[in-house]
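Enquirer: Mind folding the following:
(chains A and B)
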Amino acid sequence: MSQLLKSYKSHRALILMFLPGFLLFILFRYVPIYGILIAFKNYRILEGVWSSPWAGLENFHRLVSGPGFLKALRNTGIIAVLKYVFVFPAPIVLAILLNEVRKSWFKRTIQTVTYLPHFFSWVILASVLFTFLSTDGALNQVVKMLGFESINWVSDPNKFYGLVVLTDIWATVGWSSIIYFAALSGIDPTLYEAGIVDGASRWQQIRHITIPSLMPTIITMLLLSIGNFLNVGFDQIYNLTTAPTMEVADILDTYVLRRLLSMDYELGTAAGLFSSIVGLILVISANRLVKLYDKDQGLW
Amino acid sequence: MNHRTVGEKIFDVFNVCFLLLLALSTIYPFMNVLTYSLSTPHAANLPGLHFFPKEVTFNSYMKVLSNMEVYRAFGNTMLRTFVGVILLVLLTAMTAYPLSVRTFPHRKQITFLMVFSLMFYGGLIPTYLLVKNLGMIDTIWALVLPPAVSGFNVIVMRNFMQSIHPELIESAKMDGANEFIVFIRIVLPLSAPVIAVVGLWAAVFHWNAWFDAMIYTSGPRHEVLQLFLRRTVLDESNSFLLSIDPARELNLYTPVTLKSATIMIITLPILLVYPFLQRFFVKGIMLGSVKG
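Expert: Presented below is the predicted three-dimensional model:
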């Protein structure tokens, strides 16, 4: 104990420097975690979180029996799975294809161009896309030139998930490929030389050298993203939603936002807690699963 | 040097074509908006690809820039970006440096708190109620204080600061410098690369942020640029476009050219610094991917 006191004393200047930022960190990252108690309370604003009466699991009952939550959960699940199937592999494919290009100026140009959307908010990206995809927008001009009727890209509920997946690839594929591209440049070139000597074709080199070398990076990225499984991209979906697509675009995050706006704080907190816990369970179990398979892999 | 088979040559051609198509489809929507923003109503209404502008005019820009709301939104965004970046960088560095000192008490437990905060989040509503109870609604503090110290930024900076040679710090202390002088004279200058990266992340974050402004502020007085854009382009119910007099003005601009000009005005500041931003951001990915 006295040792700890001594340590405090000898570090008092550092502690003084540390405290303002640390207290702010605790205030905005940990006090809200305490606020999760609202999900188990009958929250009364005037009484505060602690003094409000307990409600047990009543709010969770209301959540699953009320309208909206299960539909939002279903929509979120569909989008999450679609994004894992189509959006997650896209940058891996892009990195491999870019790696097959020999001219470095060409590579750099493609990279510089495809990174661009990463620097804009989804408010800007959705505005740009709506202009481009509108009924008489540029894409439909091309469609008409090819002799087809113009297509309703943005406000058709049947096309909404397609729109979400494609625009997400459009916005993120370049930037997300950086990490894979860096991993590719770290591959020992003698592996390829040995492959060529053994008569491996380009496709065989990709399959037996490139992809296995990318596996650790792919697994790390998968683990990093799995905790956000239910965060399917609020910024994107909220800004891409129009009145006709409201039904299919209602995800957990928009459900929580609506509960906030209607001041139904308990339900919103309960829904938020649900998605945080699912994320935490997913990341912990995925990490354990990976470690079972290979001890050196995993996030921690 | 190596003999390429016919199949491989075909693959190379397809690969290059595919990548070109990808680059084109990334850039086309932006070029399209740029073209509209510079078009006369006549050119904007012509059928065609609208990739390059014809009949260039700045009428739409003049109309958008004659609207006082744009300047107010610009001012609000600049203010939150400026204050937000300075607070974030300063507080993050001040939190990260002590954590990089190996003898700092409770270092392990604090680092755990930082990492755990990346995996578990209190949620929108508890955070909103906290900000509200702190009396920050409709103030700039609601926009700059919550994101100021994040576990991720602190860990990235701490990792970098750990690589500073302890002898440098020791010798400064021998010369009588106290911790604050060491921090300002030695740690901060040597951490310039990581401070630049984190500072640019923060600048782009604040420039692009809209959701926090949407829930924590209300009314036109606090409106940031991104929300002005949302109101103008995505949610037309409440936009200055409604005040256009069709009889008098439709030969100067159309709703599409005006919306496009608004998008361009908000996009331009980022586009101007893009080459520079991009280099630092790519560096930042490598800094951020250090396991710690």
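Enquirer: Close to chain B: what parts of the stretch 51-200 of chain A are there?
Expert: Selection of the stretch 51-200 of chain A residues close to chain B by Cβ under 8 Å from any Cβ of the partner chain yields A:94, A:97-98, A:100-101, A:106, A:109-110, A:112-121, A:123-124, A:126-132, A:134, A:137-138, A:141-142, A:144, A:170, A:173-174, A:178-179, A:182, A:196. In short, each C-beta sits where N, CA and C put it, glycine included.
Enquirer: Now the buried members of those.
Expert: Using 16 or more other Cβ atoms under 10 Å in any protein chain shown as the burial test, those include A:94, A:97-98, A:100, A:110, A:113-121, A:123-124, A:126-132, A:134, A:137-138, A:141, A:170, A:173-174, A:178-179 as buried.
Enquirer: low-confidence ranges in the chain?
Expert: I went with chain A, as the question did not name one. A:1 (pLDDT under 70).
Enquirer: that's the wrong chain, I wanted chain B
Expert: Judged by pLDDT under 70, the stretches of chain B that qualify are B:1-3, B:236-239, B:242, B:246-247, B:288-292.
Enquirer: Next, the contact list for the spatially most central residue of it, please.
Expert: Closest to where the C-alpha atoms of chain B average out (Cα atoms, centre = their mean) is B:V204, at 1.8 Å. The contact partners of B:V204, taken as Cβ atoms under 8 Å, 6 or more residues apart in numbering or on different chains, are A:119, B:270, B:277, B:281.
Enquirer: likewise A:I78?
Expert: Contacts of A:I78 by Cβ under 8 Å, 6+ apart are A:Y161.
Enquirer: Now do it against chain B, distance only.
Expert: Distance, A:I78 to chain B, using Cβ to the nearest Cβ, to the nearest Å: 22 Å.
Enquirer: Okay, and that residue sits in which element?
Expert: Here A:I78, judged by DSSP states H and E, is contained in helix A:69-82.
Enquirer: just B:K54 next, same as before
Expert: Judged by DSSP H and E, B:K54 forms part of no helix or strand.
Enquirer: Quick check: closest non-adjacent residue to it.
Expert: Excluding the flanking residues, the one nearest B:K54 by Cβ to Cβ, 6 or more residues apart in numbering or on different chains is B:A43, at 5.0 Å.
Enquirer: doesn't the one you found fall inside a helix?
Expert: Yes. Under DSSP: H, G, I helix; E, B strand; the rest coil, B:A43 sits within a helix.
Enquirer: Break chain B down into its structural domains.
Expert: B:1-57, B:59-292 (automatic domain parsing).
Enquirer: Tell me which of the ones you listed is the most buried.
Expert: Across the domains of chain B, the average number of neighbours (mean count of other Cβ atoms under 10 Å in any protein chain shown) peaks for domain B:59-292, which reaches a mean of 18.
Enquirer: ok, A:V87 - contacts?
Expert: A:165, A:168-169, A:172.
Enquirer: on that earlier part again, the residue nearest to the centre of chain B and A:M17: what is the separation?
Expert: In this view, B:V204 and A:M17 are 27 Å apart by Cβ to Cβ, to the nearest Å.
Enquirer: Touching, A:G137 and A:V143? I think so.
Expert: No. At 9.8 Å, A:G137 does not count as touching A:V143 under the criterion of Cβ atoms under 8 Å.
Enquirer: just to revisit the earlier point, which one of the domains of chain B lies closest to A:F160?
Expert: Closest approach to A:F160 among the domains of chain B (Cβ to Cβ): domain B:59-292, 15.5 Å.
Enquirer: how about the nearest residue to the residue in the stretch 201-300 of chain A positioned nearest to chain B, chain neighbours excluded?
Expert: Of all residues in the stretch 201-300 of chain A, the one sitting closest to chain B is A:G272 (3.0 Å; Cβ to the nearest Cβ). Here the nearest residue to A:G272 in space, its sequence neighbours aside, is B:G123; by Cβ to Cβ, 6+ apart that works out to 3.0 Å.
Enquirer: Can you show me the CA trace of whichever helix or strand A:A13 is part of as PDB?
Expert: Using DSSP H and E, A:A13 maps to helix A:12-25. Taking Å, rounded to 0.1, in the frame of the first residue of the first chain, the C-alpha atoms of helix A:12-25 are listed here in PDB:
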ATOM      1  CA  ARG A  12       2.100  13.300  -9.300                       C
ATOM      2  CA  ALA A  13       3.000  15.500 -12.200                       C
ATOM      3  CA  LEU A  14       2.100  12.800 -14.700                       C
ATOM      4  CA  ILE A  15      -1.100  12.000 -12.800                       C
ATOM      5  CA  LEU A  16      -2.100  15.700 -13.000                       C
ATOM      6  CA  MET A  17      -1.400  15.600 -16.700                       C
ATOM      7  CA  PHE A  18      -3.400  12.400 -17.100                       C
ATOM      8  CA  LEU A  19      -6.500  13.200 -15.200                       C
ATOM      9  CA  PRO A  20      -8.400  15.700 -17.400                       C
ATOM     10  CA  GLY A  21      -8.400  13.400 -20.400                       C
ATOM     11  CA  PHE A  22      -9.000  10.300 -18.300                       C
ATOM     12  CA  LEU A  23     -12.000  11.800 -16.500                       C
ATOM     13  CA  LEU A  24     -13.500  12.900 -19.700                       C
ATOM     14  CA  PHE A  25     -12.900   9.400 -21.100                       C
END
